[in-house]
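**Student:** give me coordinates for this.
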Amino acid sequence: MITSDESVPLQINIEGPALPPNGLALPLGVSVSQPVTLGVMGFGWLAALVLLQLRRRSSTKKDHVDLTEPSEEEEEDEEEEEELGYNECRLDGDNKVNCPTCEARLGVPRGSEPPFRFTCPKCSNKIRVVE
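**Tutor:** This next block holds a predicted model:
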């Protein structure tokens with residue numbers, strides 16, 4: 001005599017610890033594996049570094065060209081400036097002048113607008129400051 005028992009299979013789902021992601025899940029159901037993701041990221045960083053180097057080189061070349069060849073604006077400024085006379089000097093960007101006699105670098109009196117005169121405190125010479 002043979003007896004056989006049959007039963008209904010039971011399905012059991014047990015949640016385990018969360019696994020780390022393996023790749024990249026993009027919108028619209030697109031997923032990329034981990035090696036491809038790392039390769040694309042590495043290529044992006046490499047491309048960014050190359051572009052930065054190229055930009056830095058092009059800016060240094062422009063600076064070098066500007067230093068060696070005077071521009072048209074600078075040439076016009078040099079032509080417009082008149083020659084300085086005896087004991088005359090011009091203000092620089094820091095509101096200072098160089099004494100034509102003793103070559104001392106001097107600050108000008110506050111509120112002075114060119115043209116004006118003042119006495120050099122080192123050599124006691126009268127200096128005329130022009131624009």
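**Student:** quick one: neighbours of the closest residue to residue 122 other than its chain neighbours, just the number.
**Tutor:** Of all residues not flanking residue 122 in the chain, residue 104 sits nearest, at 4.8 Å (Cβ to Cβ, 6 or more residues apart in numbering). (Each C-beta comes from the backbone N, C-alpha and C, glycine too.) Using other Cβ atoms under 10 Å, residue 104 has 12 other residues around it.
**Student:** can you pull the contacts of residue 104?
**Tutor:** For residue 104, the contact set (Cβ atoms under 8 Å, 6 or more residues apart in numbering) comprises 98, 120, 122, 123.
**Student:** mind checking which of those are in strands?
**Tutor:** Judged by DSSP state E, strands contain the following of the contacts of residue 104: residue 98.
**Student:** which of the contacts of residue 104 has the largest number of neighbours?
**Tutor:** Neighbour count (other Cβ under 10 Å) singles out residue 120 as the most crowded of the contacts of residue 104, with 17 neighbours.
**Student:** my guess is that residue contacts residue 106, does it?
**Tutor:** Yes - counting by Cβ atoms under 8 Å, residue 120 touches residue 106, with 6.4 Å between them.
**Student:** hey, what's in contact with both of those two?
**Tutor:** 99, 127.
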